[in-house]
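[1] attaching a predicted model along with its sequence, questions to come.
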Amino acid sequence: MIPKRPFGPTGVQVPVVGQGTWQLRDRRAALDALKAGLDLGMTHVDTAELYTGSEQVVGEAIQGRRDEVFLVSKVLPRHASFEGTMKACEQSLQRLGTDRLDVYLLHWNDGSHPIGETMRAMGELIDSGKVRWAGVSNFDVDELEEAKGALGAHRLACNQVLYHLEQRGIESAVLPWCRRNKVAVVGYSPFGSTNGFPSPASKGGRALAEIAKRLGKTPRQVALAFLSRDPDVFVIPKAEKVEHVQENAGGGFALPKDAIDALDHAFPMRPGLGFL
Ligand code: NAP
């Protein structure tokens with residue numbers, strides 16, 4: 001079973017490795033993969049109103065086992081007025097076939113609506129029991145401060161952000177802020193999306209392969225373990241093939257320090273990379 005850790009301020013034990021659901025290609029394959037992931041303990045399931053068809057597939061996958069799942073969805077910035085957020089949440093709940101989300105995120109901030117207004121809607125959704133915790137995604141430190149302040153007594157559960165071996169930008173400011181404020185960090189695109197995983201011929205790819213061989217793991221498992229080495233971080237790889245899900249389930253282990261140091265060297269932090 002995949003190790004679990006407390007998710008930010010929620011007190012809920014959430015698996016270190018969860019499941020993403022963006023860009024699903026085949027409904028049947030995605031359904032089988034999601035269910036296989038749940039069976040393996042990958043019960044943190046991430047979706048969004050933006051991901052066409054994804055909420056319906058997730059709804060099918062979790063049918064009859066809602067209580068096992070830590071369910072996350074997101075409102076689009078253009079819908080994130082007070083009324084728009086309430087309506088978008090209702091529609092997500094319908095597509096997911098459930099009466100509650102564990103965390104509801106503002107997908108990103110594009111200035112369409114004040115962050116405070118969206119957070120006010122989040123508070124209302126929490127008070128009505130439709131959402132357990134509020135979260136955000138793609139937020140920098142200033143936006144995090146604003147969201148946290150606007151939520152008042154309601155706690156900010158997480159910031160979901162881009163995080164993979166070639167994009168470690170969050171480590172400079174966002175991750176330290178989240179750590180200080182007890183906000184979970186959820187790393188998305190941990191494999192760099194579809195074609196972003198380091199090639200075996202590259203310097204980084206060779207380092208991954210060497211560590212993987214030594215530890216009896218695969219390079220992707222080592223990558224997931226590296227990204228989740230900080231106790232505040234969770235990862236949500238997307239996989240539509242059952243064998244990929246099975247492999248990813250083995251990525252939540254503790255890497256020895258020498259392996260962390262070697263990867264740190266092979267994939268150096270390059271400040272300024274990414275959008276944060
Ligand atoms: P990702 O998880 O980095 O990579 C997904 C790709 O890796 C897919 O092509 C998948 O193939 C492949 N893959 C997965 N496991 C594999 C394995 N063990 N071996 C070989 N290939 C493997 O990319 P992502 O979908 O961009 O990110 C993950 C999730 O984060 C998304 O699905 C979404 O839920 C979330 N996300 C959030 C935001 C945001 O703005 N908040 C942005 C992007 C993503 P198969 O599908 O064929 O298995």
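    Looks like it came in fine. This structure is a prediction, so every number in the text was calculated from the model and none was measured.
[2] quickly list what the residue of the stretch 1-150 of the chain found nearest the ligand is bridged to.
    Here the residue of the stretch 1-150 of the chain nearest the ligand is Gly20; by Cβ to the nearest ligand atom that distance is 2.3 Å. The way it works is simple: take the backbone N, C-alpha and C, and place the C-beta from them, glycine included. Beta-bridge partners of Gly20, counted by DSSP bridges, are Lys238.
[3] show me what contacts it?
    Applying Cβ atoms under 8 Å, 6 or more residues apart in numbering to Gly20 gives the contacts 46, 188, 236-238.
[4] what residues does the longest helix that the chain contains touch?
    Ranked by residue count, the top helix of the chain under DSSP state H comes out as helix 82-96. Helix 82-96 is contacted by residues 47, 49, 55-56, 58-59, 62, 71, 73, 75-76, 78-80, 99-101, 104, 113, 117-118, 120-122, 124-125, 130-131 when judged by Cβ under 8 Å, 6+ apart.
[5] now which of those would you call buried?
    For the contacts of helix 82-96, a burial check counting by 16 or more other Cβ atoms under 10 Å picks out 47, 49, 55-56, 58-59, 62, 71, 73, 75-76, 79-80, 100-101, 104, 113, 117-118, 120-122, 124-125, 130-131.
[6] what does the stretch 101-250 of the chain have sitting close to the ligand?
    Residues of the stretch 101-250 of the chain lying near the ligand by Cβ under 6 Å from any ligand atom: 107, 137-138, 160, 188-194, 220, 236-241, 244, 247-248.
[7] and the buried ones among those residues, selectable in PyMOL?
    Here is the PyMOL selection string for the buried members of these, based on 16+ other Cβ under 10 Å:
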select buried, resi 107+137+138+160+188+189+190+191+220+236+237+238+239+240+244+247+248
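[8] keep only those of the buried ones among the contacts of helix 82-96 that are in helices.
    Among the buried ones among the contacts of helix 82-96, the ones falling in helices (DSSP H) are 55-56, 58-59, 62, 117-118, 120-122, 124-125.
[9] of those residues, which pair is most distant in space?
    Greatest spatial distance among these (Cβ to Cβ): Ile62 and Glu117, at 30.1 Å.
[10] do you know the pLDDT at the closest residue to Ala239 other than its chain neighbours?
    In space, and not counting its chain neighbours, Ala239 is closest to Val245: 4.8 Å by Cβ to Cβ, 6 or more residues apart in numbering. For Val245, the pLDDT comes out at 98.
[11] other SSEs contacting the helix or strand containing Val245?
    In this assignment (DSSP states H and E), Val245 forms part of helix 242-248. Counting contacts by 3 or more Cβ pairs under 8 Å, 6 or more residues apart in numbering; DSSP states H and E, helix 242-248 packs against helix 27-39, helix 219-227.
[12] ok and the helix or strand where Asp264 lies relative to helix 219-227, angle-wise?
    Element membership for Asp264, per DSSP H and E: helix 257-266. Angle of helix 257-266 versus helix 219-227, following axes from the mean of the first three to the mean of the last three Cα atoms, to 10 degrees, is 90 degrees.
[13] the longest helix of the chain vs the ligand: in contact?
    No - using Cβ under 6 Å from any ligand atom, helix 82-96 stays clear of the ligand, with a minimum separation of 13.7 Å.
[14] CA-only coordinates of that helix, as CSV, when you get a sec.
    In CSV, the C-alpha atoms belonging to helix 82-96 read as follows (Å, rounded to 0.1, in the frame of the first residue of the first chain):
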residue,chain,number,x,y,z
PHE,A,82,-19.3,34.2,-6.0
GLU,A,83,-22.4,32.9,-7.9
GLY,A,84,-20.3,31.3,-10.7
THR,A,85,-18.3,29.3,-8.1
MET,A,86,-21.4,28.0,-6.4
LYS,A,87,-22.9,27.0,-9.8
ALA,A,88,-19.7,25.4,-11.1
CYS,A,89,-19.4,23.4,-7.9
GLU,A,90,-23.0,22.1,-8.2
GLN,A,91,-22.3,21.0,-11.8
SER,A,92,-19.1,19.3,-10.8
LEU,A,93,-20.9,17.4,-8.0
GLN,A,94,-23.5,16.3,-10.5
ARG,A,95,-21.0,15.1,-13.1
LEU,A,96,-19.1,13.3,-10.3
